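Q: would you be able to build a 3D model of this:
(chains A and B)
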There are 2 protein chains.
Amino acid sequence: MAQQRRIQLCTQRPTSTVCVLGTELSLDIQGSAPKDATAFHVQGTPGVKVYVVHETQSVKLPSSVTRWPLATGTEVLLTMEAISKDVGDEKVRISYFGEASGVPVGRAMLYLTCVEVSLDADTGRSGSVSKTLVDKATWTWGPDGHGAILLVNCDRDDPKSRLMSDSGEPQSQPTDNRDTVVCSYEDSIALEEYKHVLGGEKLAYAVKPSQHQEESIFYVEGLAFPDVSFSGLVAFHVTLLESPEKGLLETPIFTDTVVFRMAPWIMTPNTLAPLEVFVCSVKDNEDFVAAVSALAEEAKCPVTICPLPENRNDRWIQDEVEFGYVQAPHKMFPVVLDSPRDRGLKDFPVRSILGPDFGYVAQETPEKTSSLDSFGNLEVSPPVTVRSKEYPLGRILIGSSFPRFGGRRMAKAVRNFLAAQRVQAPVELFSDWLQVGHVDEFLSFIPAPDRKGFRLLLASPSACYQLLREKQEMGYGEATMFQGLHGVPKPSINEILGNEALRKFNAYAQSCISWNRDILKQELGLAEQDIIDIPQLFQADDQARAIAYFPDMVNMLVLGRHLGIPKPFGPLVDGQCCLEERVRALLQPLGLSCTFINDYFSYHKFAGEVHCGTNVRRKPFAFKWWRMVP
Amino acid sequence: MAQQRRIQLCTQRPTSTVCVLGTELSLDIQGSAPKDATAFHVQGTPGVKVYVVHETQSVKLPSSVTRWPLATGTEVLLTMEAISKDVGDEKVRISYFGEASGVPVGRAMLYLTCVEVSLDADTGRSGSVSKTLVDKATWTWGPDGHGAILLVNCDRDDPKSRLMSDSGEPQSQPTDNRDTVVCSYEDSIALEEYKHVLGGEKLAYAVKPSQHQEESIFYVEGLAFPDVSFSGLVAFHVTLLESPEKGLLETPIFTDTVVFRMAPWIMTPNTLAPLEVFVCSVKDNEDFVAAVSALAEEAKCPVTICPLPENRNDRWIQDEVEFGYVQAPHKMFPVVLDSPRDRGLKDFPVRSILGPDFGYVAQETPEKTSSLDSFGNLEVSPPVTVRSKEYPLGRILIGSSFPRFGGRRMAKAVRNFLAAQRVQAPVELFSDWLQVGHVDEFLSFIPAPDRKGFRLLLASPSACYQLLREKQEMGYGEATMFQGLHGVPKPSINEILGNEALRKFNAYAQSCISWNRDILKQELGLAEQDIIDIPQLFQADDQARAIAYFPDMVNMLVLGRHLGIPKPFGPLVDGQCCLEERVRALLQPLGLSCTFINDYFSYHKFAGEVHCGTNVRRKPFAFKWWRMVP
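A: Model (predicted):
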């Protein structure tokens, strides 16, 4: 529907006004009618299209009817289809007639100037700005949606910009959205050419009028991601003001609005191709770094090794950051989400990851953080459909103490941030039964050629007991675990199966995992055939919280079809680790290659494994987030 | 879809578990199978319904098939339809068979106890709690919507509760939701019988298990209205925990969730029947109070007069409060919204309006308030439909400086609160061109028997000029205004029409009102025939802001079909005020009764009129808010 503007007329003197291209003027015919007038005639110059709306019919003039009754429902509408060359170069004349006379009892003249005012953006999501007929003031989701998209300028294009404050402390978030300078080397223009005209204290900017056609180009910089108190929608308005008389204030006569949505931060599941593997080099993990590098090489994926001075002996790079990305039709770049965990790797994301076209985002958490704030406790599923509701970017999974009383939970600020992105609706799982409390201790996703394109792997104490009993029945009860590990006790299958406390604790661990299995089936729409049970045992710490009894195999690194799995050091049966053999038997039929990496002394004994000690930047989804309906 | 729980079995020893009525158990048939097993047989006692899902077909047992292959896709599902009388009084036996043998190679026993756990609320919106099959964890809008509704306990049931703090200052918001005491005289039970078990620091409450069927009744008290950082949805969970072994932590085995939505605060338009008229008695307004009281008596509506000690000579009761209400299926009560304006009437809402079943709400506004924060600047339209989108509770209208640069605007906290209620989507109008800056200075709604059930009245300088010119042409140019008002200059029609500065200023005022007219037509879906122009003139103050030139007639009190209109003191034509005559001619055909109230010295000269000096509590909508789709 075209915007419409009501125009008052006057029989004493001519009226002048502006008509904005694409809008309608509605003339107040009755309001200027002389006392005795009962009918009117209206006539316009060729540049004005005149319509009379009479008894709900709209008649375009000239028509065979020349005089119209001055009835309450009668309206005169005007449109113009070309910009005026001169001020007032088109006109409309209203002649009023009395009951009997053929001579007008009054005349109202309207001088018209047609101008174009339009605020345009990439509302069609094509990657470039274009004029549109769609409603620019609304933003809609889905394949037929419209509305422009803005990226949070959370990278740092100028590598020379100051990382340190005056006191020598690193700036908390020295990203480009923190200042009013717009800088982009891609555009290769001098920085001074961008002038900051709106934002912060500047709520309005006056565009000077011009006699001639003129286009002003404004660049818009997103400052903040959607969050609990910010929907992500930002509206800009341009208003044409008229100042008809000296000493009076301007009157608005036309407003155009365009709404942008801030692109959400999007996580990437294991099923997306790896682009870069991260691992920390610490004092005691040379072999591990070599093994991860070898696996990455097989997967044709570059490795970035975070050196000791940057990690300060903190090896848990999975926990400090989560790699994601932001996307608009015109641009896409990776963005690292920094955990409030903040141990040795605290400064690594800002110092070494943030840079040109690599963004950074973090949340401030007023409360004390717990282990559940580490991002080993933040995963995302592959795309799923749940009872006909589609999640084409998957769903975020975080571990929590729910549904038990009290306990640990991820910081509210981070949970709010994740939920506010809207495109990967988070699911809270139960991970507080684990000492470390991360979802990556009991689940992982791997690519698969069939079904939904993936399998969910779940750590399974009952599958492990079943396997060990099977081997016991086959006569391998004396086979022992942890062969070749110096100083580590070497329990046999018989001893493990005879350990009643261990059995009971694993029944408990199994029931906790089963609870999560039920939620995952429901919230991700999975069937039993989508789930693979990976044999695993847990043991209790002194607070009856679970830690892995042997290296936790689901805590794996997934690089395409190459899996880097914690070497479990299971009982040797015919010279083969029966746990490795079982996992290969489960995963190789899916076309996956299993590499078992010894992380026993370098990670496992510190309560983490391969996944905890690595991180992966992945290829963004081919699916564009704005085409979904959250 | 029923909740499903995965159960691990064991051939070494029997397994016991609980089945929650209405849920399914999924047995891990493969996980407990002996090594050589290739098929199984399953049999349950009569209280257990057993299904085998095989090749995507679900077969209820007993069936003609007695042995099922141990294939990956094969599932066994159990349900129970009655609560157990004893622990483990139903059972299921799985027998495993090898390739050739007719003798089972292993057996797994499962003992079952069926219990009922259900968290119920009035999800059907009938006014009472009932069990339901709908998804209690979701809340949906519309005529077919479901989900329970909570009222913010923002009234004060105990009139004896302390209004004053220890220092003698009034408590800022001494409403019932500020404490943990639940008190209601309606329930006529001793207050001590309610124990505060959840809320504040209390995030969980343990319900002790019982051998027998038992119902625990919990009362829920809403604490806060929806707002910018609170969607209004509140979830409660009940979890059944199992503690199978001493020394181990409990395991969750079932969770039921119920989601409530906090009822929004709802405004009432002029078209709703009046229940109570408020007016202030100040030093100089005895006649005005009498006139308002007489009008209210005609409308059969009680009057509450706020006495001088309570209003401290602040007569603008429209500006201090807005009356609305909250509604749930089981209860409805009025709620007063207190403006951050806070002049003489500051304490009146808390001291004299808040009480049993009369709620109170206010927002804290960190910024300095302006005249636009007064609630003469907060109105609501009658129900409208806009391009097929229905607003069955109307739309809120607030005045703003938009679209002009800078200027005054209603406090963000109040605007956010109004928008967050969602059911009366606010529209921002342009009111900053007025000195006082309230929307009630240029618009009002009156009931009408036809069309949309109402008319929008707009103050109209051009209609006033047209009327005066008409009278001039008829020979009444020397008729003067303000007859009978002592000490007030008495301009004639000729003088007014000859005042070029006044004409120009009114052309400007008209253009500001026309801007609002265009927005109102667009945002409320109005046609020209839904709008009535009420003759009015404005004049400029020393900052070129508009004030009414004669009492502002649209600023009227609407009590059903009885209108209390500021007496305009227009030019007398044949002994009649031609402005009153014109307004009667416009409104009486709609069945309305016009009473012109002299507010010249008591309100008009202080820049307000009848509407500013009164307030009305109205009957709530018959339409229930949860039946709309915002």
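Q: C-alpha from now on. contacts and neighbour counts both.
A: Noted.
Q: what residues does stretch A:74-83 touch?
A: A:19, A:21-29, A:47-55, A:113-116 (C-alpha atoms under 8 Å, 6 or more residues apart in numbering or on different chains).
Q: and if you look at stretch A:146-156?
A: Residues outside stretch A:146-156 that contact it (C-alpha under 8 Å, 6+ apart): A:121-125, A:134, A:136, A:138-140, A:174-177, A:220-225, A:258-263, A:326-329, A:335, A:354-361.
Q: report the mean confidence score over it.
A: Across stretch A:146-156, pLDDT averages out at 95.
Q: tell me the buried residues in that stretch?
A: By 16 or more other C-alpha atoms under 10 Å in any protein chain shown, the buried positions in stretch A:146-156 come out as A:146-156.
Q: now do the same end-to-end measure for that stretch.
A: 29 Å (C-alpha to C-alpha, to the nearest Å).
Q: three-state assignment of the residue nearest to the spatial centre of chain A?
A: Central residue of chain A (C-alpha atoms, centre = their mean): residue A:264, 2.0 Å from the mean position. Residue A:264 falls in the coil class when you classify it by DSSP: H, G, I helix; E, B strand; the rest coil.
Q: ok, and the closest non-adjacent residue to it?
A: residue A:421 (4.9 Å; C-alpha to C-alpha, 6 or more residues apart in numbering or on different chains).
Q: ok, residue A:98 next?
A: In space, and not counting its chain neighbours, residue A:98 is closest to residue A:37: 4.4 Å by C-alpha to C-alpha, 6+ apart.
Q: assign residue A:505 to helix, strand or coil.
A: helix.
Q: what sits against it?
A: When contacts are counted by C-alpha under 8 Å, 6+ apart, residue A:505 touches A:538-540, B:248.
Q: for those, which one is nearest residue B:412?
A: Closest approach between the contacts of residue A:505 and residue B:412, by C-alpha to C-alpha: residue B:248, at 51.4 Å.
Q: looks like the closest one contacts residue A:544 (just checking).
A: Yes - if you go by C-alpha atoms under 8 Å, residue B:248 and residue A:544 touch, sitting 6.0 Å apart.
Q: what's the local residue count around the residue of chain A found nearest chain B?
A: Chain B sits closest to residue A:229 of chain A, with a gap of 4.8 Å, by C-alpha to the nearest C-alpha. The tally of other residues near residue A:229 (other C-alpha atoms under 10 Å in any protein chain shown) stands at 14.
Q: list the contacts of it.
A: By C-alpha under 8 Å, 6+ apart, the contact set of residue A:229 is B:228-229.
Q: packing partners of the helix or strand hosting residue A:238?
A: Per DSSP states H and E: residue A:238 is located in strand A:233-242. Applying 3 or more C-alpha pairs under 8 Å, 6 or more residues apart in numbering or on different chains; DSSP states H and E, one finds that strand A:233-242 contacts strand A:251-262.
Q: rerun at 10 Å
A: Where contact means 3 or more C-alpha pairs under 10 Å, 6 or more residues apart in numbering or on different chains; DSSP states H and E, strand A:233-242 is packed against strand A:15-20, strand A:148-150, strand A:251-262.
Q: kindly report the domain assignment for chain A.
A: A:4-115, A:266-622 (the TED database).
Q: strands along the stretch 51-200 of chain A, start to end?
A: Under the criterion DSSP state E, counting those that start in this stretch, the stretch 51-200 of chain A contains strands at A:57-60, A:68-69, A:75-80, A:90-97, A:106-115, A:148-150.
Q: give the buried residues for the fourth one.
A: Judged by neighbour count using 16+ other C-alpha under 10 Å, the buried positions of strand A:90-97 are A:90-97.
Q: select only the buried ones of the contacts of stretch A:74-83 in ChimeraX?
A: Buried subset of the contacts of stretch A:74-83, written as a ChimeraX selection, criterion 16+ other C-alpha under 10 Å:
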select /A:19,21,22,23,24,25,26,27,28,29,47,48,49,50,51,52,53,54,113,114,115
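Q: what about residue A:595, helix or strand, and which?
A: Here residue A:595 is assigned to strand A:593-597, by DSSP H and E.
Q: same for that strand, what does it pack against?
A: Applying 3+ C-alpha pairs under 10 Å, 6+ apart, we find strand A:593-597 packed against helix A:286-298, strand A:557-559, strand A:562-566, helix A:578-587.
Q: could you list the paired strands of the helix or strand just after the third one along with their orientation?
A: Counting by DSSP H and E, the next helix or strand C-terminal to strand A:562-566 is strand A:572-573. Sheet pairing for strand A:572-573, assigned by DSSP bridges, gives strand A:576-577 (antiparallel).
Q: what does the partner strand rub up against?
A: Under the criterion C-alpha atoms under 10 Å, 6 or more residues apart in numbering or on different chains, residues A:479-483, A:567-571 lie in contact with strand A:576-577.
Q: now, of the helices and strands packed on strand A:233-242, which is deepest in the fold?
A: strand A:148-150 (a mean of 28; mean count of other C-alpha atoms under 10 Å in any protein chain shown).
Q: any chance of the helices and strands packed on strand A:593-597 in JSON lines with distance to residue A:61 as columns?
A: Output for the helices and strands packed on strand A:593-597, formatted as JSON lines (distance: least, C-alpha to C-alpha, whole Å):
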{"stretch": "helix A:286-298", "distance to residue A:61": "75"}
{"stretch": "strand A:557-559", "distance to residue A:61": "70"}
{"stretch": "strand A:562-566", "distance to residue A:61": "74"}
{"stretch": "helix A:578-587", "distance to residue A:61": "77"}
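Q: need the winner for burial among those.
A: Counting by mean count of other C-alpha under 10 Å, strand A:557-559 has the highest mean neighbour count of the helices and strands packed on strand A:593-597, with a mean of 28.
Q: might one say that the residue nearest to the centre of chain A is in contact with residue A:226?
A: Yes - using C-alpha atoms under 10 Å, residue A:264 is in contact with residue A:226, at 6.8 Å.
Q: shared neighbours of the two, anything?
A: Residues touching both residue A:264 and residue A:226 (C-alpha under 10 Å, 6+ apart): A:152, A:232, A:417-418, A:420-422.
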